[in-house]
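Colleague: what's the 3D shape of this:
(2 chains)
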Amino acid sequence: MPPTPVVDPRLLEILVCPVTRQTLRYDPQTQELISDAARLAFPIRDGIPIMLVEEARNLDTPA
Amino acid sequence: MKAPPAADIDPMLVFDRRLVGRHRQRAAASLDRHAYLFEAMAEAIVERLGDIARRFPRSLDLGAHQGGLGRRLLAGGTTDFLTSCDLAPGLVAAAPGLRLAADEEWLPFKDGSFDLVASAGSLHWVNDLPGALIQIRDALAPDGLFVGALLGGATLAGLRQSFLEAEGRLEGRAGLHVSPFLDLRDAAGLLQRTGFAMPVADLETITVSYPDALTLMRELRAMGESNALRGRRRVPLAPATLAAVAADYAARCPAPDGRVYARFDVVTLTGWAPGPGQPVPKRPGSATARLADALGTVERPLT
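Modeller: Here you go, the predicted structure:
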């Protein structure tokens, strides 16, 4: 199995939540960037963070 | 009767951004062979940066497509650390540097993250251009530079006219087919209003010839530039109407050898994030010498 592409830490340093402009939490397990303030989880696909609100998972909606 | 959702009646929302994203995503397979407009814009931006004796350590290619501009910035030594973002993940996957999908209307960057924000051929799909410019300014460090090239002016005015004429004549109504574009006269004021120092806006016309109007439309589609107006016609055009559009266009925009031409006006916006030590205009009335003396003439009151 190929290793999961990781997000460059230099990118994580400059990213904020596009909705609240608060800092994001990186979850390496789910490969998501989590905005606790907006209750949104932005997916990382193939190492590319998808910072689009319509692609984000709502943390309050059960999976 | 239930009122429509607010978004459906908001006159400020000209473009269907999801559709813009889908058009771009779909273009990922074809864009490398149809990117000439974006390549020309990128070339013009790089040329402009070459006139500025400065390096930009941290740069953002905003609306990067497949990275034509970013690759030039890296190759020319303009920047060391490039971030590329696009509304379509499938496009930006081919771009250089650090990559992410982002919406120009909802930038996900910390304030002061970049020394240069450059954009070639994407900002004409933004609903709220002043809002996007303010976010760009905030993403720039003090004294950081923004250079953005977007379609504007009389871009595809001939095609708009042909649709109006043919659709109106054959179907008794005219749909929206070509975007409204930023006027050059508004552009510098817009930069100033959104807090950029030393704003400059200029316009360059690129003329491209095609075999016919239908080829032009297919080309636009291949570059991800299909109609994404929220008020667009949802019913496909009848073949007869489409043929009439093509006939009208052939007469309206003829090029040599039976071809047609298309006009693309590229508006380039340049402005600096405010910073210390930038030249600023003096306040009115602060002069210490008379202009008439400097010119060796006599000042006369207006009659």
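
Colleague: compute the first-to-last residue distance for stretch B:169-185.
Modeller: 33 Å (Cα to Cα, to the nearest Å).

Colleague: quick one: residues in contact with it.
Modeller: B:14-15, B:124-125, B:129, B:150-157, B:159-160, B:163-164, B:167-168, B:190, B:201-203, B:227-229, B:231-233, B:238, B:240-241, B:244, B:265, B:267 (Cβ atoms under 8 Å, 6 or more residues apart in numbering or on different chains). From N, CA and C alone the C-beta is placed, and that goes for glycine too.

Colleague: how about a cut-off of 7 Å?
Modeller: B:14, B:124, B:129, B:150-153, B:155-156, B:159-160, B:163-164, B:167-168, B:201, B:203, B:227, B:229, B:231-233, B:240-241, B:244, B:267 (Cβ atoms under 7 Å, 6 or more residues apart in numbering or on different chains).

Colleague: ok, now stretch B:124-144?
Modeller: Against stretch B:124-144 from outside (Cβ under 7 Å, 6+ apart): B:12-15, B:17, B:20, B:60, B:104-105, B:107, B:109, B:111-117, B:123, B:146, B:150-152, B:179, B:181-182, B:190-191, B:193-196, B:228, B:272-276, B:278.

Colleague: list the buried residues for that stretch?
Modeller: Within stretch B:124-144, the residues that qualify as buried are B:124-127, B:129, B:131-141, B:144, counting by 16 or more other Cβ atoms under 10 Å in any protein chain shown.

Colleague: and the buried ones among the contacts of stretch B:169-185, selectable in ChimeraX?
Modeller: Here is the ChimeraX selection string for the buried members of the contacts of stretch B:169-185, based on 16+ other Cβ under 10 Å:
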select /B:14,124,129,150,151,152,153,155,156,159,160,163,164,167,201,203,227,229,233,241,244,267
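
Colleague: element containing residue 41?
Modeller: In the absence of a named chain, chain A is used. Using DSSP states H and E, residue A:41 sits in strand A:40-45.

Colleague: please refer instead to chain B.
Modeller: Counting by DSSP H and E, residue B:41 is found in helix B:36-50.

Colleague: quick one: buried residues of that helix?
Modeller: Under 16+ other Cβ under 10 Å, the buried positions of helix B:36-50 are B:37, B:38, B:39, B:40, B:41, B:42, B:44, B:45, B:46, B:48, B:49.

Colleague: is it correct that the fifth one is in contact with residue B:149?
Modeller: Yes: with contact defined as Cβ atoms under 7 Å, residue B:41 and residue B:149 form a contacting pair (4.0 Å).

Colleague: where does chain B dip in pLDDT?
Modeller: Scanning chain B for pLDDT under 70 picks out B:1-11.

Colleague: what of chain A?
Modeller: A:1-5, A:63.

Colleague: need the residues of it near chain B, please.
Modeller: A:8, A:10-11, A:14-19, A:45-46, A:48-54 (Cβ under 7 Å from any Cβ of the partner chain).
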